[in-house]
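>>> with the input below, show me the fold.
(chains A and B)
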Amino acid sequence: MNVLMPQLGETVSEGTIAVWHIKVGDTVTKDDPLLDVETDKAAIEVPAPEAGVISAINVAEGDTVDVGVVLVVIDVEGEKSTAADTETANPAAAPAQVPTPVAALISSPASTLATGAVAKSGAMLSPAVRKLVSRHNLDVSAIAGTGKKGRVTRQDVLAIINGGTARTDAAPAQTAVTGRSTPVPVPTPIGSDARSLIPFDRIRKLTADHMVMSKATSPHVLQAVEVDYTGVDAVRKSHGPGWKADKGYSLTYLPFIAKAIVLGLREFPKINSSIVGEALQLHPLINLGIAVDLNFEGLVVPVVRDCANKSVGQIAEGIKALSIKARSKSLSPDDFAGGTYTISNSGPFGTLMTAPVINQPQVAIMSTDGIRKRPVVIESESGDSIAIRPVGILAQSFDHRAFDGAYSAAFMNRVRNILEQQDWASEL
Amino acid sequence: MAQLSYREAVAAAIAQEMRRDPNVLFLGEDVAVAGGVFKATVGLLEEFGPLRVRDTPISEQAILGAAMGAAMTGLKPIAEIMFSDFFAVCWDTVVNEIAKARYMSNGQHECPLVIRSANGGGARFGAQHSQSIENWAMAVPGIKVVAPSNAADVKGLLAASIQDPDPVLFFEQKSMYGTKCAVPEGDYVIPLGQANISREGSDVTVVALAAMVPKALKAAKILQEKHGVSCEVIDPRCLVPLDTKSILESVSKTGRLVTVEENPRLCGWGAEIASIVGEECFWNLDSPITRITTPHIPLASVDVLEDLMIPSVDRIVSVVSEMD
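All right, here's what the predicted structure looks like:
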């Protein structure tokens, strides 16, 4: 018998052969997939209308042919296969044969395509059950319903899905999971292994919500500058040991960077602001939020207040006090309140650059990343040379609603110049 | 934590906010000298004096007109409408003026006021003094609608309502004034728009408000013990803003939704929640959404009839246990 290009929708006049599942000489049984056809609207599998042996394939994969064209010829037992069958298998002769085969094909794909959500007659399926059986390609008539009047409930389907994955090796034929031509693997339902599920604690939930809100609120732009920390390094070397002996902790790069940012913010007040409606609210104080990681168990951003006139040492003391409180979980709500600009410091982990997410309702946030020695070209009138310098990247995300890239870039440039040129010994 | 009654929590919240903010004042019929007809505002006149705690003539329009003027000129008034049924004579002020002041003045006028009212049935007060009208209020854009189910929520939500920069209608369920629970001492505020998951469960989500919450919790206990049905009881606490996230997450988990409301059947708040869940959660529903309501008739005052009309523990158990 001839199998024709089916009419796949009222306005479809042609189809493309996507893939052949059989070759000449194959024995097929009724409903075995023969080929996949693609139209501009759908992809559909064409099944064998009858059992038999494939005697001819007339169209190659990738070819597009009109509806009614003979695609493949099947020698059906009991049906005399004649040479004429094959010979008339050309587009011109085909229309005469359209009625019966096309009708057969149209009903066939329809049953093949049935999602399995079609219930046995009379049984009512809830939306949840329909979604599950469709997604997991189940034959709902094979599921025993435990609901009222034998209704198949969501629990019944979930039991099959969970049990089905466990039993596929042992008894694939007996499970209610019926394969389509291409078996759909049953995904492991979320939460099936409770041990590998880590519920969000409060701080994780709050952080998650805040991050989504911030990204949804502010169009983030990232700008980065490379900073030569030679000047800072010199002061850390000369004053660091005394500092540590005196205070009990190291003098890090962070307070210097914070001080440079504060000096920069004083010159670029729009960066120390919040958006209120359709206005920019400049903040009279510079309150630096310092992102503190709690041993990978969460992130908090306590605030060093009123930094505008604080020295590097005073900022260092402020940061140290907050991080001690943060790690002992003794920060009070006041410690979090009123931040106007935030610094996120991944530097200790040696990161190259981080694109931080703005701490709302602020409009910018700076990431300080790893500082390491690198070869740097030093230009001078007597000729260029290469020196070994401590270099790190400062990266700021800003809210493009608040100001533009040039303003932010000028600020970044200023911060870099301060870090590279300030007389840090007198700032300590 | 101290055990406070629902009525004591009202006074505690008002006192807390009046101490915090000198602009807060309180007015209504018999609220000052008498301490309220439900005795929910006893002691406020003594502490804050007649300038800030004022008895008014019997005119609901006058009370709300004065409150609105005060709110628009910088004060933070709390007005009491003795029975929520009397909102029917107040709607012009509430709906056309208070609810729209911020909107129609393009934000130039704020209207930060709270209207408290004794709402709901169960006290044998008859059809004109027992209605649950939170759904009327919910239908008006521009006002927030709060209906607490226990004394702790009364304190926290009333404080939040007073602090809110916009008008809030605060419905106290009058049959609950005597109920007690542990109430946090000191300043206590519950943000508006956060539902409370009163009981966790896995088979069916029961959304209940105000006096229906303790009934739903009792029913949930019986359903668990006698029918093996695990109910998750959600108390939205506020209808506006509505914590749809909590409700949708719960229904996505359980696949079933029952609302228990004191509103008469047509256009009760449960219908709105059913509509939201039907749209957002359809493919997770394993049973038709079911509403348990008061029938669409004026409430009876005679006890046996009133008890039949308002959703009861037995009715909740019966409906939920027979769900598909």
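>>> is the strand or helix carrying residue B:314 anywhere near chain A?
Of the helices and strands defined by DSSP states H and E, residue B:314 is found in helix B:313-321. No: Helix B:313-321 stays clear of chain A (Cβ under 8 Å from any Cβ of the partner chain), getting no nearer than 10.9 Å. Backbone N, C-alpha and C define where each C-beta goes, glycine included.
>>> pLDDT score assigned to the closest residue to chain B within the stretch 201-350 of chain A?
Residue of the stretch 201-350 of chain A nearest chain B, by Cβ to the nearest Cβ: residue A:277 (8.3 Å). pLDDT, residue A:277: 88.
>>> and residue A:180, by the same measure?
On the pLDDT scale, residue A:180 is placed at 37.
>>> go on, residue A:55?
For residue A:55, the model assigns a pLDDT of 88.
>>> isn't there a strand covering it?
Yes: checked against DSSP: H, G, I helix; E, B strand; the rest coil, residue A:55 lies within a strand.
>>> relative to chain B, how far out is it?
For residue A:55, the distance to chain B equals 46 Å [Cβ to the nearest Cβ, to the nearest Å].
>>> wait, that residue sits on residue A:26?
No: counting by Cβ atoms under 8 Å, residue A:55 sits too far from residue A:26 to count as a contact (10.0 Å).
>>> name the helix or strand of chain A that has the lowest mean pLDDT.
Taking mean pLDDT, DSSP states H and E as the measure, chain A has helix A:99-113 as its least confident helix or strand, at a mean of 36.
>>> next helix or strand past it?
Downstream of helix A:99-113, the next assigned helix or strand under DSSP H and E is helix A:127-135.
>>> average pLDDT across that next one?
If you average the pLDDT over helix A:127-135, you get 89.
>>> which element is encountered next along the chain beyond that helix?
helix A:154-167.
>>> check the offset of that following helix from the chain's centre.
How far helix A:154-167 lies from its chain's middle: 28 Å, per Cα atoms, centre = their mean, to the nearest Å.
>>> which one of the residues in the stretch 51-200 of chain B is closest to chain A?
residue B:107 (8.3 Å).
>>> what score does residue A:192 have for pLDDT?
60.
>>> can you name the residues of chain B sitting close to chain A?
B:255, B:282-287, B:324.
>>> ok, and the most crowded of these?
Counting neighbours by other Cβ atoms under 10 Å in any protein chain shown, residue B:286 comes out on top of the residues of chain B next to chain A with 26 neighbours.
>>> that residue is in contact with residue A:151, isn't it?
No: in this structure residue B:286 lies outside contact range of residue A:151 using Cβ under 8 Å: 9.4 Å.
>>> what's the spacing between the spatially most central residue of chain A and residue A:390?
The centroid of chain A falls nearest to residue A:212 when counting by Cα atoms, centre = their mean (13.0 Å). Using Cβ to Cβ, to the nearest Å, one gets 37 Å for the distance from residue A:212 to residue A:390.
>>> please apply the same query to residue A:71.
Distance, residue A:71 to residue A:390, using Cβ to Cβ: 72 Å.
>>> next up, the contacts around the spatially most central residue of chain B.
Taking Cα atoms, centre = their mean as the criterion, residue B:147 is the residue nearest the geometric centre of chain B, at 1.2 Å. Residue B:147 is in contact with B:119, B:134, B:170-171, B:173, B:209-210, B:237-239, counting by Cβ atoms under 8 Å, 6 or more residues apart in numbering or on different chains.
>>> now with 10 Å, please.
Shown in contact with residue B:147 (Cβ atoms under 10 Å, 6 or more residues apart in numbering or on different chains): B:119-120, B:132, B:134, B:137-138, B:153, B:157, B:169-173, B:209-213, B:235-239, B:262, B:269.
>>> for the stretch 1-150 of chain B, which segments count as strands?
B:2-5, B:24-28, B:53-55, B:76-83, B:114-119, B:144-146 (DSSP state E, counting those that start in this stretch).
>>> and residue A:18, what pLDDT?
For residue A:18, the pLDDT comes out at 84.
>>> for it, which three-state class applies?
Assignment for residue A:18 (three-state DSSP): strand.
>>> now do the same for the closest residue in space to it that isn't next to it in sequence: helix, strand or coil?
Distances taken as Cβ to Cβ, 6 or more residues apart in numbering or on different chains place residue A:36 nearest to residue A:18, at 4.0 Å, with adjacent residues excluded. Secondary structure assignment for residue A:36 (three-state DSSP): strand.
>>> one more: residue A:371?
Recorded secondary structure, residue A:371: strand (three-state DSSP).
>>> and if you look at the one 4 residues further on?
Using three-state DSSP, the secondary structure recorded for residue A:375 is strand.
>>> same deal with residue A:73?
Applying three-state DSSP: residue A:73 is strand.
>>> any idea how many residues pack against the residue lying closest to it once chain neighbours are set aside?
Distance criterion Cβ to Cβ, 6+ apart; nearest residue to residue A:73, sequence neighbours excluded, is residue A:56 at 4.2 Å. By the criterion of other Cβ under 10 Å, residue A:56 has 16 neighbours.
>>> tell me if I'm right that residue A:125 and residue A:138 touch.
No: using Cβ atoms under 10 Å, residue A:125 is not in contact with residue A:138, being 11.1 Å away.
>>> out of the two, which sits in the more crowded spot?
residue A:138 (25 against 22).
>>> pull the longest helix from chain B.
Ranked by residue count, the top helix of chain B under DSSP state H comes out as helix B:6-20.
>>> just want the angle from that helix to strand B:114-119.
170 degrees (axes from the mean of the first three to the mean of the last three Cα atoms, to 10 degrees).
>>> domain assignment for chain B?
Recorded structural domains for chain B (assignment: automatic domain parsing) are B:2-183, B:196-321.
>>> one step back: my guess is the residue nearest to residue A:73 contacts residue A:26. True?
No: using Cβ under 10 Å, residue A:56 is not in contact with residue A:26; the gap is 11.7 Å.
>>> between those two, which contacts overlap?
residue A:74.
>>> so the residue nearest to residue A:18 sits against residue A:19, correct?
Yes: counting by Cβ under 10 Å, residue A:19 is a contact partner of residue A:36 at 4.9 Å.
>>> quick one: which of these two has more around it?
Between residue A:36 and residue A:19, counting by other Cβ under 10 Å, residue A:36 is the more crowded of the two (19 against 13).
>>> quick one: pLDDT of that one?
85.
>>> ok, the one 3 residues further on next?
With respect to pLDDT, residue A:39 scores 70.
>>> from chain B, how far out is it?
In terms of Cβ to the nearest Cβ, residue A:39 sits 28 Å off from chain B.
>>> what about that residue, how many neighbours?
20.
>>> likewise for residue A:297?
Quick note: residue A:297 (other Cβ under 10 Å) scores 10 neighbours.
>>> ok, it - contacts?
A:201, A:203-204, A:329.
>>> out of the residues you listed, what pair is the most spread apart?
Within the contacts of residue A:297, two members stand farthest from each other by Cβ to Cβ: A:204 and A:329, at 15.0 Å.
>>> what about the two, which has more around it?
Remark: of residue A:204 and residue A:329, residue A:204 carries more neighbours, 14 against 10, as counted by other Cβ under 10 Å.
>>> surely the more buried one and residue A:299 touch.
Yes: the criterion here is Cβ under 10 Å, and residue A:204 meets it with residue A:299 at 9.3 Å.
>>> related to what we said a few turns ago, gap between the helix holding residue B:314 and the chain center?
With Cα atoms, centre = their mean, you get 23 Å for helix B:313-321.
>>> which residues sit against it?
Under the criterion Cβ under 10 Å, 6+ apart, residues B:203-204, B:206, B:208, B:212, B:214-223, B:226-229, B:231, B:233, B:256, B:258, B:260, B:290-293, B:307-308, B:311-312 lie in contact with helix B:313-321.
>>> can you rerun that using 7 Å?
B:204, B:215-216, B:218-219, B:222-223, B:227, B:229, B:231, B:258, B:260, B:290, B:292 (Cβ atoms under 7 Å, 6 or more residues apart in numbering or on different chains).
>>> same deal with stretch B:238-245?
B:134, B:138, B:143-147, B:192-195, B:236, B:269, B:276.
>>> what does stretch B:150-161 give?
The contact list for stretch B:150-161, computed with Cβ under 7 Å, 6+ apart, reads B:4-6, B:9-10, B:12-14, B:16-17, B:114, B:146, B:148, B:168, B:170, B:172, B:179-184, B:188-192, B:237.
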